[in-house]
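Undergrad: Show me how the following folds:
(2 chains)
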Number of protein chains: 2
Amino acid sequence: MSEKQFVKSITSRDEDFAQWYTDIVTKAELVDYSSVRGSMIIRPYGYAIWENIKAELDHQIKATGHENVYMPLLIPESSLQIEKDHIEGFAPEVAWVTHGGDEELAERLCIRPTSEVLFGEHYKNIIHSYRDLPKLYNQWANVVRWEKTTRPFLRTLEFLWQEGHTCHETEADAEAEARKMLEVYASICEDFLAIPVLKGTKTEKEKFAGAKHTYTIESLMPDGKALQSATSHYLGDGFAKAFGIQFSDREGKMQHVHQTSWGFTTRIIGALIMVHGDDRGLVLPPKVAPTQVIIVPVAQHKEGVLDFAYKLKDQLGSQFRVNLDASDKKPGWKFNEYEMKGVPIRLEAGPRDIEAGQVVLVKRDTGEKIQTPIASVEEKIGELLEDIQDNLMKKATAYREDRTKVIQTYAEFKRYYEEENGFAQAMWCGKRECEEKIKEETSVTSRCIPFKQEQVADTCVYCGEKAKHLVNWAKAY
Amino acid sequence: MSEKQFVKSITSRDEDFAQWYTDIVTKAELVDYSSVRGSMIIRPYGYAIWENIKAELDHQIKATGHENVYMPLLIPESSLQIEKDHIEGFAPEVAWVTHGGDEELAERLCIRPTSEVLFGEHYKNIIHSYRDLPKLYNQWANVVRWEKTTRPFLRTLEFLWQEGHTCHETEADAEAEARKMLEVYASICEDFLAIPVLKGTKTEKEKFAGAKHTYTIESLMPDGKALQSATSHYLGDGFAKAFGIQFSDREGKMQHVHQTSWGFTTRIIGALIMVHGDDRGLVLPPKVAPTQVIIVPVAQHKEGVLDFAYKLKDQLGSQFRVNLDASDKKPGWKFNEYEMKGVPIRLEAGPRDIEAGQVVLVKRDTGEKIQTPIASVEEKIGELLEDIQDNLMKKATAYREDRTKVIQTYAEFKRYYEEENGFAQAMWCGKRECEEKIKEETSVTSRCIPFKQEQVADTCVYCGEKAKHLVNWAKAY
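TA: Numbers count the residues shown, from 1 in each chain, chains lettered A, B, ... in the order given. Next up, the predicted model:
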């Protein structure tokens, strides 16, 4: 029954965006629901996407001098309580282990919601001198946050991520590190996933519990809502003071280290689905696609067709990620299936093509069909994959520009969010109260103070007092 | 202070084996202890070893047709209870989550000790027809078992592993799968880690909770104790019946699937340390070593030495995993440090060597020094790495053979384990009672019924009744 020979159909994106999303994640076989509330099963196709993202990001993390480590899953309550802002931020959303086997524990352990605490304790053990710095560690791990409302990839009780944790001699070094890793994240989003991002700083209200500054990349979804795509924090020396991470500096004086932390999660797959998907399913940028080319033989029972297809697969396999579907399902079913899965290029080859010395290439992004001589098929596929990658990035960028509006007055601001969604660029006085009022009245939050500042007005969009920063606002996931 | 300029020393292996092990794991910087009882921090060097093992095993898992997925960390108590033998086996050693934030949960969730349960629920959802079979899934994950006594790598509250879970049409297919994956594990141990293993079947008493057969690979440590290095289970259709995993077969009749599961863990790093290590520290087989060649410049302040060393690093880097220590520590300190870390080859180059157009290569396993002309250094290193890999395997195999004794009588058996440790090969009648008595009286357990059977006596070593199987016995980790 899972092999139904009919065409999968999904809800139209414009009709019901949330249902469209749910349809894609299940029908493209990215996830299955589990018996644990809010936890998802990541199926082979979804996990293959994560493996590709992970391989690329891990490469960049190592290329920038970081080393991978692994910290324990469980954190004693007393350790979690050492840094005050941190525990306040995370206590409401951690899962507590109270029993081991039949025994009640003397002290509760929480499942890590993030690992600043255990890195802090470890760094205290291993850092003594400026010669030990910087320490540039990263870990790939699962974390748990007790979320009330969950959706596959976007917000789940458990998610997968990497979390970088670094220690530096000076504030300047740590600040530079936090910014550098934000750039790495931005490059993964833009150059690998074709998701344009806006870079900036979080306001005090929106920053990470325990951080001095939080840097963020924000992307815009097709429903006009923003998605925080990754964050990088300059932690200052707050954790270092709380955990006693000290080093003797170049003059022999004891100093506290300056720290950063930064994370990138499976949530990005939610953005990938939303930003590129259409009413026929997933659309994957070639760089991240588990299968870049799917070969679908036409009239495969005819002599020579399957032979030809297998040879082509071997030939293309050294350059591209290629699959061949030689099952006995109808070509129409296969076309539909691989469109649903967002495979960038479909290669069709039937007896007449073979005779004519050509194949048909079909682009997933535009549906365009290109007859290509067999002699130049590798070259053409290479071109088309680049073309699809660029095209998806251009389309997403154009959409974001179209949905970014410079706004001067609060009346205009309110009207914008009554009528449509998107990024609003508007000035802010810097007071938390204005941010809170705006959120209360419109559900719109400050996404970031963009690095690229402009003075689009002289006064705060809410209170009318002197403006301090340009802020990008949006409703958010 | 972490940069002490003196020679690290460790307890002698023959003097105090347990302390020697602890010294190595900390001084080679494989792990640090954490504030969570029984949980370890895997440091960069330890994690790099795990990453190399993981990459090789993942490659073999995929090459044998398996796909990676990710299942939730938490399992509802009611799901865990579905398969009776399974819950009985695991209930005493699971960690229970009872609260999410401030809220007490309506149902307790355990942290997965293994994931048969969640795979079972998922397979029930996605398997309907024989066309859906086989399903060959694997996941890389952390698991928690509430162990009372723990030691880094060998037995920890939390450990990292891969767990394969597969479904098949027939018992024969599933049996073949379980055996095939045991062969993959054996090949990782022998061909990659240079750890010889003995392959066999666990007795009923020692098999996995819920399995029909458990296959195992057992290795022998230098203290004569055995270490279960990986297991692969044929689960029969017990889980399938408990979870309702059915498919319509080729005749249209509903059948339960036949399943396997198999796992390989960070525990193997404990074996790697013990099997090859010596009184100067870790000794790593070249295939798994994060650094295969460490370049130590001698008199590096002299003109041309560092230049030469950096050029050599670049040159060798395309073929081997090479590092250069250009820090201002003394060469003697560096020699000691990389011996402790078990780097297979040290390359020394000083002004006189450079003038003479040669370098000195030092083998970690034997200490042998080889003067090598620069023109043939790559070739020589390639040879030596192969040589070290082979030598370690041969040495470990010879040791195991030396410590494997064929035993006919119980008197001899008891004397053997009073005087020394090792594998005993002795016949067994097949009764659980004899196994239990032997364990009670000697602390020796049946490690496996080896695939290669021989009739070394006619009667059971314990009760004297008719012998059924040759069994490999040992005290075990």
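Undergrad: mind checking the longest helix of chain A?
TA: helix A:377-402 (DSSP state H).
Undergrad: Buried residues of that helix, list them for me.
TA: For helix A:377-402, a neighbour-count test (16 or more other Cβ atoms under 10 Å in any protein chain shown) marks A:377-378, A:380-381, A:384-385, A:387-389, A:391-393, A:395-396, A:399-400 as buried. (Each C-beta comes from the backbone N, C-alpha and C, glycine too.)
Undergrad: tell me the contacts of the residue lying closest to residue A:404 once chain neighbours are set aside?
TA: Leaving aside its chain neighbours, residue A:404 sits nearest to residue A:423 (4.2 Å; criterion: Cβ to Cβ, 6 or more residues apart in numbering or on different chains). With contact set as Cβ atoms under 8 Å, 6 or more residues apart in numbering or on different chains, residue A:423 has these partners: A:198, A:220, A:226, A:400, A:403, A:404, A:405, A:447, A:472, A:473, A:474.
Undergrad: Let's see if you can find the most crowded of those.
TA: residue A:220 (30 neighbours; other Cβ atoms under 10 Å in any protein chain shown).
Undergrad: In contact with the closest residue to that residue other than its chain neighbours, which residues?
TA: Nearest non-adjacent residue to residue A:220, counting by Cβ to Cβ, 6+ apart: residue A:400, 4.6 Å away. Counting by Cβ under 8 Å, 6+ apart, residue A:400 touches A:196, A:198, A:219, A:220, A:423.
Undergrad: Ramachandran coordinates for the most centrally placed residue in chain A?
TA: Centroid-nearest residue in chain A, with Cα atoms, centre = their mean: residue A:268, separated by 2.0 Å. Backbone torsions for residue A:268, taken as degrees, to the nearest 10, come to phi -60, psi -30.
Undergrad: pLDDT value on residue A:102, please?
TA: Listed pLDDT for residue A:102 reads 91.
Undergrad: neighbours of it, just the number please.
TA: 10.
Undergrad: what residues are up against it?
TA: Here residue A:102 is in contact with residue B:92 (Cβ under 8 Å, 6+ apart).
Undergrad: And the helices in the stretch 301-450 of chain A?
TA: For the stretch 301-450 of chain A, the helices defined by DSSP state H, counting those that start in this stretch cover A:305-317, A:331-340, A:351-356, A:377-402, A:410-419, A:432-442.
Undergrad: Show residues contacting the shortest one.
TA: Pointing back at helix A:351-356 there. A:298, A:299, A:302, A:304, A:305, A:308, A:359, A:360.
Undergrad: and those as JSON lines, adding neighbour count?
TA: Listed next are those as JSON lines, based on neighbours: other Cβ atoms under 10 Å in any protein chain shown:
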{"residue": "A:298", "neighbour count": "17"}
{"residue": "A:299", "neighbour count": "12"}
{"residue": "A:302", "neighbour count": "13"}
{"residue": "A:304", "neighbour count": "10"}
{"residue": "A:305", "neighbour count": "19"}
{"residue": "A:308", "neighbour count": "20"}
{"residue": "A:359", "neighbour count": "23"}
{"residue": "A:360", "neighbour count": "16"}
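Undergrad: Narrow these to those in strands?
TA: A:359, A:360 (DSSP state E).
Undergrad: Closest one of the contacts of helix A:351-356 to residue B:190?
TA: Nearest to residue B:190 out of the contacts of helix A:351-356 is residue A:308 (Cβ to Cβ; 41.2 Å).
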